[in-house]
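Undergrad: Give me a model of this one.
(2 chains)
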Amino acid sequence: MAAETKIDPMHQFQISPIFGNLDGSAFVFTNSALWMLVVLACITGFMLMGMKRQLVPGRWQVAAEGMVGFINSMVEGSIGPSGRTYLPWVFTAFVFILFANFLGAMPFAVVGAHPFTVTSQFTVTGVMSIISFAIVLGVGFWKHGLHFFSLFVPKDTPFILKLLIAPIEFISFLVRPFSLGLRPFIAMFAGHILLDVFGNFVVQGLNAGGGGYAISLLCFLFVAFINALELLVGAIQAYVFALLTSLYINDAVNLH
Amino acid sequence: MDLASAKVIGAGLAAIGVGAAAAGVGIVFGSFLQGALRNPAAADGQQGRLFIGFAAAELLGLMAFAVAMIILYAI
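TA: Numbers count the residues shown, from 1 in each chain, chains lettered A, B, ... in the order given. Below you'll find the model as predicted:
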């Protein structure tokens, strides 16, 4: 039996500087920033190819229009006719998370590049959820003033119950930005650890030989399955982030 | 008990949460199917809520898994 290799699934999330160094300098260009630029380039390319406004739409235009239409109908469905105002941010967040998740799951390692999933860092998704909540609070206070606090008090409830429900609603509102940002982050984090661990099992099984080959084959099939699941989860998490953002904005716009 | 064995036991305990989340995801989809088969016309309109419930249940399972992995490899 070959020597046991240490599995280190956390290594893939390491931020490593490309220009500058992490201790002290004000501006550091890291692999995270590089992959954010790659995501940005992909989104820009995708949208530019789809925004040619041809009378007979080509493939790219159908894809881009379908994506915008999907988010548009979701936002208008949950906020109402005035929801189009918030489409830019919801669509931006959806497309960014979707492309970051998909690019991180692509097997670029085959050609030697080291893909980095931007959304596997809580700083990124956390900042996105903070932007969402800045919009919620801004819209709420701008449209309703201090009346916005009636969000925490449900209508037509007995006074005693209101005393109980208001703090609970307040705490649930405070937790929302945290859980909103945690969701895409933890999905990518856990999925990539799973891929890494079982990918290591494949190699270890091959090294062991004998019965290890069978285990290796099983793990390989499992990794393939998890990879497909990861694509599904990446899409679902982007959708859920967009959906929850529009639901929270709906709370602020319509106040129950 | 030394740290290495405590780590493995702790990771095993943390993995229980994944099973609990599996039950949660099963309940979400099971209830959706129950409702959808009774009134198929209304099912399409509820898919957004289905995915919210799925994501909420799945998040907790993934968190349990992430905690187990952090205990095993990151500490």
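Undergrad: which helices and strands does the helix or strand encompassing residue A:224 pack with?
TA: Using DSSP states H and E, residue A:224 maps to helix A:212-254. Helix A:212-254 makes packing contacts with helix A:59-79, helix A:87-105, helix A:122-144, helix A:159-208, helix B:47-69 when contacts are defined by 3 or more C-beta pairs under 8 Å, 6 or more residues apart in numbering or on different chains; DSSP states H and E. The C-beta positions use only the backbone N, C-alpha and C, and glycine is treated the same way.
Undergrad: quick one: average confidence on the one helix or strand residue B:42 maps to?
TA: Using DSSP H and E, the element containing residue B:42 is helix B:40-43. What helix B:40-43 shows for mean pLDDT is 87.
Undergrad: Now it - C-alpha only, PDB.
TA: The C-alpha coordinates for helix B:40-43 follow below in PDB (Å, rounded to 0.1, in the frame of the first residue of the first chain):
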ATOM      1  CA  PRO B  40     -51.600  20.200 -10.800                       C
ATOM      2  CA  ALA B  41     -52.800  23.500 -12.300                       C
ATOM      3  CA  ALA B  42     -51.500  25.400  -9.300                       C
ATOM      4  CA  ALA B  43     -48.200  23.600  -9.000                       C
END
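Undergrad: for the helices and strands packed on helix A:212-254, which one ends up most surrounded?
TA: Ranked by mean neighbour count, those are led by helix A:87-105 with a mean of 21 (mean count of other C-beta atoms under 10 Å in any protein chain shown).
Undergrad: ok, now which ones touch the residue nearest to residue A:245 when sequence neighbours are not counted?
TA: The shortest distance from residue A:245 to any non-neighbouring residue, by C-beta to C-beta, 6 or more residues apart in numbering or on different chains, is to residue A:132 (4.6 Å). For residue A:132, the contacting residues are A:89, A:93, A:177, A:180, A:245, A:248-249, by C-beta atoms under 8 Å, 6 or more residues apart in numbering or on different chains.
Undergrad: Could you dump those into a markdown table and include pLDDT?
TA: Output for those, formatted as a markdown table (pLDDT from 0 to 100):
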| residue | pLDDT |
| --- | --- |
| A:89 | 93 |
| A:93 | 94 |
| A:177 | 91 |
| A:180 | 89 |
| A:245 | 92 |
| A:248 | 91 |
| A:249 | 92 |
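Undergrad: Could you list the contact residues of chain B toward chain A?
TA: When proximity is defined as C-beta under 8 Å from any C-beta of the partner chain, chain B approaches chain A at B:48, B:51-52, B:54-55, B:58-59, B:62-63, B:65-66, B:69, B:73-74.
Undergrad: Closest to residue A:77 out of those?
TA: For the residues of chain B next to chain A, the residue nearest residue A:77 by C-beta to C-beta is residue B:48; the value is 7.8 Å.
Undergrad: Not counting sequence-adjacent ones, nearest residue to that closest one?
TA: Nearest to residue B:48 is residue A:243, by C-beta to C-beta, 6+ apart, at 5.7 Å.
Undergrad: Over to residue A:9?
TA: Per C-beta to C-beta, 6+ apart, closest to residue A:9 is residue A:196, 4.0 Å.
Undergrad: Would you agree the one you found is in contact with residue A:117?
TA: No - here residue A:196 does not reach residue A:117: they are 11.6 Å apart, not a contact under C-beta atoms under 8 Å.
Undergrad: mind listing what residue A:91 touches?
TA: When contacts are counted by C-beta under 8 Å, 6+ apart, residue A:91 touches A:67-68, A:71-72, A:242.
Undergrad: Widest-spaced pair of the residues you listed?
TA: Farthest pair in those (C-beta to C-beta) is A:68 and A:242. Separation: 11.9 Å.
Undergrad: what does the stretch 101-250 of chain A put close to chain B?
TA: Residues of the stretch 101-250 of chain A found near chain B (C-beta under 8 Å from any C-beta) are A:179, A:182-183, A:186-187, A:189-191, A:193-194, A:197, A:233, A:236-237, A:239-240, A:243-244.
Undergrad: low pLDDT regions in chain A?
TA: A:1-5, A:22, A:24, A:256 (pLDDT under 70).
Undergrad: Export the host helix or strand of residue B:33 to PDB, keeping only CA atoms.
TA: Assigned by DSSP H and E, residue B:33 belongs to helix B:16-38. In PDB, the C-alpha atoms belonging to helix B:16-38 read as follows (Å, rounded to 0.1, in the frame of the first residue of the first chain):
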ATOM      1  CA  ILE B  16     -25.600  13.800  12.000                       C
ATOM      2  CA  GLY B  17     -26.900  17.100  10.900                       C
ATOM      3  CA  VAL B  18     -26.600  16.100   7.200                       C
ATOM      4  CA  GLY B  19     -29.000  13.300   7.800                       C
ATOM      5  CA  ALA B  20     -31.500  15.700   9.500                       C
ATOM      6  CA  ALA B  21     -31.200  18.100   6.600                       C
ATOM      7  CA  ALA B  22     -31.900  15.100   4.200                       C
ATOM      8  CA  ALA B  23     -35.200  14.500   6.100                       C
ATOM      9  CA  GLY B  24     -36.000  18.200   5.700                       C
ATOM     10  CA  VAL B  25     -35.300  18.300   2.000                       C
ATOM     11  CA  GLY B  26     -37.500  15.100   1.700                       C
ATOM     12  CA  ILE B  27     -40.300  16.800   3.600                       C
ATOM     13  CA  VAL B  28     -40.100  19.900   1.300                       C
ATOM     14  CA  PHE B  29     -40.300  17.900  -1.900                       C
ATOM     15  CA  GLY B  30     -42.700  15.400  -0.600                       C
ATOM     16  CA  SER B  31     -45.200  18.000   0.600                       C
ATOM     17  CA  PHE B  32     -44.800  19.800  -2.700                       C
ATOM     18  CA  LEU B  33     -45.600  16.600  -4.700                       C
ATOM     19  CA  GLN B  34     -48.600  16.000  -2.400                       C
ATOM     20  CA  GLY B  35     -50.000  19.400  -3.100                       C
ATOM     21  CA  ALA B  36     -49.000  19.300  -6.800                       C
ATOM     22  CA  LEU B  37     -50.700  16.000  -7.500                       C
ATOM     23  CA  ARG B  38     -53.900  17.200  -5.900                       C
END
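Undergrad: Thank you kindly, that will do.
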